[in-house]
Every structure is written in structure tokens, then in C-alpha cells.
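In: Turn this into a model:
(chains A and B)
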2 protein chains.
Amino acid sequence: MSEKKRPVYIKIKQEDNVAITVDRVSAGSEVMEGVVASQDIPQGHKIALCDIPAGGAIVRYGVVLGYAIDPIAKGQWINEKMLTLPTPPEAEQMRWGVNLRTDLPKPARTTWEGYRNAEGFAGTRNLLGIVTTVQCVAGVLDVAVKRIKEELLPQYPNVDGVVAVNHAYGCGVAIDAPEAKVPIRSIANICKHPNFGGELMIVGLGCEKLTVDKITDRTGPDTVLMLQDYHGFAAQVEAIMAMAKTKLEKLNQRRRETLPLSDLIIGMQCGGSDAFSGITANSAAGYASDLLVSAGATVLFSEVTEVRDGVYLLGERTVDESTCRKLGQEMLWYDRYLEMGGVDRSANPTPGNKKGGLSNIVEKAMGSIAKSGSAPIVEVLSPGERPTKKGLIFAATPASDIVCGPSQLASGITLQVFMTGRGTPYGLEAAPVVKVSSRTDLKEMWPDLIDINAGTIATGDATIEQVGTELFDFILDVASGKKETWAEHWKLYNYMCFFNPAPIT
Amino acid sequence: MSEKKRPVYIKIKQEDNVAITVDRVSAGSEVMEGVVASQDIPQGHKIALCDIPAGGAIVRYGVVLGYAIDPIAKGQWINEKMLTLPTPPEAEQMRWGVNLRTDLPKPARTTWEGYRNAEGFAGTRNLLGIVTTVQCVAGVLDVAVKRIKEELLPQYPNVDGVVAVNHAYGCGVAIDAPEAKVPIRSIANICKHPNFGGELMIVGLGCEKLTVDKITDRTGPDTVLMLQDYHGFAAQVEAIMAMAKTKLEKLNQRRRETLPLSDLIIGMQCGGSDAFSGITANSAAGYASDLLVSAGATVLFSEVTEVRDGVYLLGERTVDESTCRKLGQEMLWYDRYLEMGGVDRSANPTPGNKKGGLSNIVEKAMGSIAKSGSAPIVEVLSPGERPTKKGLIFAATPASDIVCGPSQLASGITLQVFMTGRGTPYGLEAAPVVKVSSRTDLKEMWPDLIDINAGTIATGDATIEQVGTELFDFILDVASGKKETWAEHWKLYNYMCFFNPAPIT
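Out: Take a look at the predicted model:
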């Protein structure tokens, strides 16, 4: 029995003049016929497949990542210091509707078990959500929530948890600034989160700028509790617990039902990416997304600066002109936002990205886009907006993991799939987070944090379709409450860092 | 025995053409000789003491709050809708050194009991501080800190607590943007916080933009722990606990010593202000500040938008030209920051401020400045900077309570005095927060949240000097560990919302 030979490089498109090393490559070893590494090259980094003159294009994914600063010889390692950034693609006059794929793969499973809501998408978890109007109340609410979890929650076995939506917004902010609509909309929309089952609870202070009417029309005393109305701390905690009890009683009546996938809404995100992310984890996520969308589910993907350099590819997949136009507007809004702060999209990549072989934002973007699969894009959302359509949706958010998450939650996602190359223990309390590794090394390093390993795609041990289908099944099992993610198991929760592009005062 | 007659109004300066109502006033009642309220006036609001024509100045604290939009009749209630905002005072060419008071009141106490540090100010608490480089690690760290508090802390009776400095900065940010220096400096400086006793512990991920060398030169394995270096979640938690144990052992050796007040650094802040704040709580805090400063202590006050309209008064108290110039530069920086966001300083006041009788930012500023007392201003700090001098210092921060607090902590304050009119349960885990109410009503409403009541000044039951001295004594008792604040008692901790004026990516 002959041992299966592992590939040593990955070249994506015929026209690429670079390839990615599957493992660390030593100087002098032949990577492919006629291409000998002229120096040691780290895992996941680029090797030149031919001589590239100064000013010559460096091409991966069939796309120009940048231009060589100095001549690069065949077999040389290409790192982030060796290329300049191309100008960003046009975002105003993109072609729409010219790449609408209609033959998406069909999944074997077309139902899941969810918590049906009176309107909108169903929940994947049955949670008591307590939304705050201002950070001032966080200390009191945290004390109260600890007591709710210890003293009340065990009496309501059908309720999965209690989530305090504490955040930094609400007061000391320029609430009438043009961009204040972003955080206000995000907080208003998280009040409607499908996992909160309509049993909304709001805790405010009483003198804050973010008045309750700005985030909900449910302003009655059965929903809203203002700390300044209560006679001191002890009474505040008692009041919060009393209201929580009435909500928990109602939530406890909820049961999962078999539902079509059209009642499911999930989000996709990547963080701590490396050069494998685009070809393993994000590609598998894209395949899972195609399966979900073809069965009627709604999938959000995001991260403006990480699609900016390939936005024309997304424009071609938008279903109509207005969707395409909104896509371009979100790009231009972010261009201006960065420019006001004295930077551009090149500020995105991290030291970890670069160490993982991603030379710049173009290369990162091409990998990032892979998680959107190939379905048509039916809608584009501004940060924190709620969808009005079903299918694949671009939700414009910052690429920052910890801001993208809360923004997608505001848009209503009830589960997030998170692809990572370098590894992050990221989690959200309001929705389970499934973590997918781009490399087998990472899964082996973090067996109790990574849920699905897509690294087998790079080593030829599995196909994108196989891992994508495994991920699709795991998503449905987690959404249905049949499995839990590692982040849920360990109770790893990141903070609710809503995007606020407006000034604080 | 005749009952002492309570005042019904407070007029501050001879030239004022408005007074503040001490309690609610009914239509038809005579507030002072010849001034009859023409309508019901809420507590703490302004009554016109003479007829004011359209365009006429409305004067309180001897300062023009604004100009009447329509004619205002004697006895009329003046609310925030009835006046326009004056142009902000000049900040570039202020006079310096023309109001340097040398006869500050002398306190009876000149020592306290603190934790001496190898360099810089002493601590008021003995805490294990765990600073993070990125929000990604917050979930794991929170789990670990819970275990440290439950399993380790009880073995170290001389250690007061464990503080996870979790924050939203560190990755997904434009780390090379010009203004990124603000959050980076803040996080770097909180590593040196006097209450952490030099036993610094840093938890990072491994691929973030905020690399450890950006915040400290103590980058060794006895101080820094990166989650990506550990074999999964369980190993990460064990590693954090093991490092915490070595730090707790050292911290447990620390003892309080009798120290001069020159080893003490505290901060002043107000939030949820009303029309009484300036004449009761903030004035008493100003007197306490004068006592502290005259005995050698260092007192920070802050909140740029809340001194903007009286900045010339502060300029006159600066000790030299460069300090005065830096004061002006901080004002202009904030003017531009607000302008870029499409707003100006008028965005500061809250609905609660207005309900409490503060018509606009000028009136709020005049009251806010009162907490600085009358000492000379020896230094001006940019947000999150550490002082190089001792005495009264203006630390430029946003006025947002929840951002000012972490910013002052970064500057090194070991105790904060927080004045409030409407009431907030605000607290910080890294330093005790003393809460002072501007009204007796609030102290009665929140007996287990307000530490000191300054409302007795408005009712004539105590003088500013009396309450100021009571506050001074309480500050020293809390700083010395002899008393605890209500926020400490209930463990009310707001989040570490560092100021980040730079873009996220």
C-alpha cells in the first residue's frame, strides 16, 4: 500500500505567478517542477513561480495582489514588504446581475429544530435578553444577572440562558450626530433578536441620551425598568429580578419545533486569518453557505475592508441595480470614514495575518470573500440593519471581529460561523459561534476550542465539498440544540462592542 | 425655638439676572422680594429676576449662559428652549498666571495609609491587575479571573482583588492612525497603575495589532502570556492561574504605610449633573481638592466639553505659558473632533441635565469647573497621559463618565470622586469611587449608593467648607482602606471604555 503523497504547494488559478506552501519549505527543495526554493519559506507563505521584474504584477486567485518593489527571482519567498498596494477597484459603476448562479448544490437536510417567533426568523436558543440603554447601569445589572443565573434560571429548565446586553453607548455621546444612527439602530434592532423570543427587558438609568423610545415602541412598565425610579441599589436588584421572573416564566413555555431552513438566519465571519483561510476554511464555509441558501436559509457575510478589493466580484452577483448601488455606497462610506481618520484599507491586516502569509489587504480580501460561496446576493445591509429578504446578504460591518459580531447580532443572526487561521477563542453570549480552523495544526493545538477543521482540504485529505457538508450538518445540529459549540461549552463571551462612528462628548 | 428658614432660591453672583429654585415653586408664590413666579417651576430650575428683552443676556455665575430668543418676563421659568448658545471663548490666546491663589485652606490631616510603590504614587488598594492586549481574550480571561477570585484570592488575605482590564481596543483598529496614540497610551499607562503594585500581568492572543512591546518594556514570560502559545482552553486557563498565583504571592507581602499626601493621586468627575451640582457637590469637591492640593496631593479634573465654555477661567490659573498653551490645544483638538463628526459642544448636555435645570453646555460647564476648586493648575495632560508634576492637574478627557473614568485611571488616579445630581450607580474595579449627591432628595432616594450628601449646602444646613472637609476626610479614610464606598461594597464595576478617536477597520 503506497502512502498518499501530500501536496507541498497550492496554486489556485492558472494565471497565478505565486503558490502557497502547505508546510514549511527548506532552501534548496523543489516545490514544483523547475521551481526550487531559494531560501527557507514559512508555512502558508508565497513562493514566486517565475521571475517577476520590478513593477511586475504579483498574481494569486487570478487577481493582482500588488506590484513588485524590486525584482523577484523564481523560487524566492514573497513577503509583505516586497509589494505595493494596487488602487482599490471602482465601487460606483459596478456591473450587477452578470454572475447569478442558479445551480447551487442541494443539501440532504432541509429542516431544523428552532424556537418559532411571532414574526421573523426563529431562534436557535431560548434566552432572556436584557438590553441596556446606557453603560452606567452595567454594574448593577451584572450583579442582578449573576443572581438571576444562580437563583432563578435553574427553575426554568427550558430557558438556555440570560444575556445582559451591556455596551459603551447611550450617554456621553453626540446622539444627534449624523452617524449616531448606526449604534442607535444596532441597539434598537438587538431588542428584536430572535433568540430573545419577544420577551424583551430593558434596563436604563433615567437621565441618559439614549431614551427608550429611540430603541423600541415597547416602553411600558412590563418591559422597561429605570434605575432612578427605585429606592436604592437593593430595590433596583429586586426589581430587575422580579421582572426577569415574569419573563422567564413566559420563555419557559417555548419549545423547539421542526421548521424549514427559511426560518434560519446565520452569519459568517473570519478572524485571525492566514493564507490558508481563503482556500480551506472560508471555501468550506462558502460551500456550506451555498447549501443553506439553496434550501431557503438566510446567510449574512460582512467586513467592508475585507471585500473592498474584490467588491466588483460581489457587484456581479447582486440581483438588481439598487442592491449593487448600496454595496458600492457602503464601500465609499468606509473609504471616507478611514480617510477622515488619516488611514486607508491597508490599515486592516494584522501582524498575525502577515505572519500567516497574507501580504496585504488584497490577498486577505480574496480569501475573505470565499466565505460568501457563490449564491446571488439579494440584499445589502448598512451596519446593524435588519434584513427584509431571504438568501445571501452582505451586511456591511467593520472587519474587526468584536464589532462585526454585535453588528450581525443586531441584524438578527442566531448563529455565527467563525473561520480562523491563527486561532481566537471568540464567542458571543446571544448566539452560538461555530469555529472553523484553516489549518490542521491549529485544530491539533486547540482541540477544545475549534469545532471543525478545514485544514484537511490543504493536505488533500478532504474536499471543500466534504468539509462544507460537515460544517452544514454541524451548523444545523448546533442551531437545533443537538450539539453545543466549544465556546458555548466553556462560556466564552466577548463584549457587545457596537460600532459607533459618531463622536463621544 | 424658632424654626430655621430654608432658602427658596439661590443666586450666585450679584450681576446674575436669574436664580435657581431650591425646591419646586408654585405659580403665584413670591420667590424673593418683588419676584413672583408666574408659573410652576421645577426644583433646581431658573427663574428670571427681571424682564429680559429678546436677544438679552441670561446671566448666572456672572457668566452669559446665552441670549433670550423671545422676551422673558420677571418671574418666568427659563428652560433650555428659551436661549441660544454664545460663541465659545477664545482658546488660543488665553492669559496665564493671573489668578494663582496662594492662600489655600490647610487641612488638619496631612498623612494617609497607602501601599508604597517602587516609583511614583502609592496605591489605595492592593490589586492584581491583568491587562489585555485585545478583546479576543476577554472570554477566556473572564473564566480564569472568576476561578482566581474563587480559588486563589482567599489564600492571599492582603490582596484586595483581581482586575481584568478587558477593553475593545487591540485589533480590528487602524493602529497607525494619527489618533491611535490615545488608546495605545491609555493601555500602556494603565499597566503602571499604582494599585497594581508593579506586579503586572498581561494576557494577549498572539496575532493582534496591539503587540505587547507597544504597551510595556516588560515583555518577558514572567509578565506576558499569549493564548496562542497554549495547547487549548484548559491549558490557557491553567497558565493564567499559575502566573496569577506567583503575582498574588508577591502582592500579598505588601502592607499599608503612613505616607504624606504627596503620595496620593485622585481624580474628580461629575455625571448626571443638575443645576445644584455646581453650587453644592462640585463646590464641596472643589474645597476638598483645595485641602488635598495644599497638603501636597495630586488632583486630576477632566471633561473637555464641560470646561470649554469657561476655559479662560482655567487658563488664568495655569502656572506657565506652556501649560496654558496645552490647555488651549486640548480644547481646539476636541472642537475639531466634534466638528468632523458633524456636531459641536452643544451635543454634550443630556435629557437628565435639562430636566435637572441645566439649560445648556455653558451652564453645565460653569458648574463642572467648580470641582477644580481654586488651586493653581500645574499641568495639562492629553487623554491617558501620566502626570510629571504634583498638584492640581487638568487631564483632558471626554466628559462621558464611562470614558473619563478609564482615562483618569490610565493617568494613574487611585480613587475617584464622582458628583451626581440625577444619580448614577457608576463604579470602577481598579480604584474606589466616592459618590457625592448634589441634592438631599437623591441621598434619601439612594441611601445605599450615595456616600456623601452635599445637598445640605442648598438648604442652608451646611456650608461648602463643612461638606468639603467631610468629603476630604472620607477620601482619606477610603484611600487608607479604613472605609469602603458603596460601589465597592456592592461590587459595581463599569467597563473599561478607553477613548479611541481613531478608526476601526
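
In: what secondary structure does A:V378 sit in?
Out: strand (DSSP: H, G, I helix; E, B strand; the rest coil).

In: State the distance from it to A:L327.
Out: According to CB to CB, to the nearest Å, A:V378 and A:L327 sit 12 Å apart. Glycine gets a C-beta too; all of them are placed from N, C-alpha and C.

In: Those two: which is more packed in?
Out: Set side by side, A:V378 and A:L327 show more neighbours around A:L327, with 25 against 20, by other CB atoms under 10 Å in any protein chain shown.

In: What ranges does chain A have for its helices?
Out: Remark: helices assigned in chain A by DSSP state H are A:138-147, A:181-190, A:232-251, A:281-294, A:311-315, A:321-340, A:351-355, A:361-369, A:401-410, A:440-445, A:464-479, A:486-490.

In: end-to-end on stretch A:127-147?
Out: Stretch A:127-147 has an end-to-end distance of 16 Å (CA to CA, to the nearest Å).

In: quick one: average pLDDT of it?
Out: Stretch A:127-147 shows a mean pLDDT of 98.

In: what residues does stretch A:26-35 touch?
Out: Under the criterion CB atoms under 8 Å, 6 or more residues apart in numbering or on different chains, residues A:8-9, A:11, A:19, A:21, A:25, A:36-40, A:47, A:49, A:74-75 lie in contact with stretch A:26-35.

In: Give me every residue in the stretch 301-450 of chain A lying close to chain B.
Out: Selection of the stretch 301-450 of chain A residues close to chain B by CB under 8 Å from any CB of the partner chain yields A:305, A:337-338, A:340-343, A:345, A:347-348, A:350-353, A:355-356, A:398-404, A:422-427, A:445-449.

In: Weed out the non-buried ones from those residues.
Out: Neighbour-count burial (16 or more other CB atoms under 10 Å in any protein chain shown) is assigned, among those, to A:305, A:337-338, A:341, A:343, A:345, A:347-348, A:350-353, A:355-356, A:398-404, A:422-427, A:445-446, A:449.

In: any idea how far A:T133 is from A:P406?
Out: A:T133 is 16 Å from A:P406, by CB to CB.

In: Which parts of chain A belong to which domain?
Out: For chain A, the structural domains run A:9-84, A:114-251, A:260-490, going by automatic domain parsing.

In: for these, which one ends up most surrounded?
Out: domain A:260-490 (a mean of 24; mean count of other CB atoms under 10 Å in any protein chain shown).

In: for that one, what is the average pLDDT?
Out: Per-residue pLDDT over domain A:260-490 has a mean of 97.

In: How far does stretch A:61-80 stretch from one end to the other?
Out: Separation of the first and last residues of stretch A:61-80 by CA to CA is 17 Å.

In: can you give me how far it is from the chain middle?
Out: On the basis of CA atoms, centre = their mean, to the nearest Å, stretch A:61-80 sits 29 Å off its chain's mean C-alpha point.

In: now do stretch A:455-463
Out: For stretch A:455-463, the distance to the chain centre is 23 Å (CA atoms, centre = their mean).

In: Over to stretch A:292-310?
Out: Centre to centre, stretch against its chain (CA atoms, centre = their mean), the figure for stretch A:292-310 is 9 Å.

In: before we move on, what about stretch A:330-345?
Out: Computed by CA atoms, centre = their mean, the chain-centroid distance of stretch A:330-345 equals 20 Å.

In: Pull it out as CSV, backbone CA atoms only.
Out: This file holds the C-alpha atoms of stretch A:330-345, laid out as CSV (Å, rounded to 0.1, in the frame of the first residue of the first chain):
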residue,chain,number,x,y,z
GLU,A,330,-21.2,51.1,1.8
MET,A,331,-17.6,50.8,0.3
LEU,A,332,-17.4,54.5,-0.3
TRP,A,333,-18.7,55.3,3.1
TYR,A,334,-16.0,53.3,4.7
ASP,A,335,-13.3,54.8,2.3
ARG,A,336,-14.3,58.2,3.6
TYR,A,337,-14.5,57.0,7.3
LEU,A,338,-10.9,55.7,7.1
GLU,A,339,-9.7,58.8,5.2
MET,A,340,-11.1,61.1,7.9
GLY,A,341,-9.1,59.1,10.4
GLY,A,342,-5.9,59.5,8.3
VAL,A,343,-5.7,55.9,7.1
ASP,A,344,-6.9,53.7,4.3
ARG,A,345,-7.9,50.0,3.8
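
In: Can you give the contact residues for it?
Out: A:88, A:91-92, A:304-305, A:307-309, A:311, A:347, A:361, A:380, A:382, A:394, A:396, A:501, B:174, B:176-179, B:340, B:502-503, B:505.

In: Near chain B, which residues of the stretch 51-200 of chain A are found?
Out: The stretch 51-200 of chain A comes close to chain B at residues A:135-140, A:142-143, A:166, A:168, A:171-179, as judged by CB under 8 Å from any CB.

In: 7 Å instead, please
Out: The stretch 51-200 of chain A comes close to chain B at residues A:135-140, A:143, A:166, A:168, A:171-174, A:176-179, as judged by CB under 7 Å from any CB of the partner chain.

In: Correct me if wrong: A:G55 contacts A:D70.
Out: No: using CB atoms under 7 Å, A:G55 is not in contact with A:D70; the gap is 9.6 Å.

In: now A:Y493: how far from A:P157?
Out: 21 Å.

In: cool, and A:S38?
Out: For A:S38, the distance to A:P157 equals 64 Å [CB to CB].

In: just A:I187 next, same as before
Out: 30 Å.

In: before we move on, what about A:P376?
Out: Here the criterion is CB to CB. By it, A:P376 lies 42 Å from A:P157.

In: And A:Y312, how far from B:S283?
Out: According to CB to CB, A:Y312 stands 63 Å off from B:S283.

In: Same check on A:D320?
Out: Distance, A:D320 to B:S283, using CB to CB: 63 Å.

In: Also A:I266?
Out: A:I266 is 56 Å from B:S283, by CB to CB.
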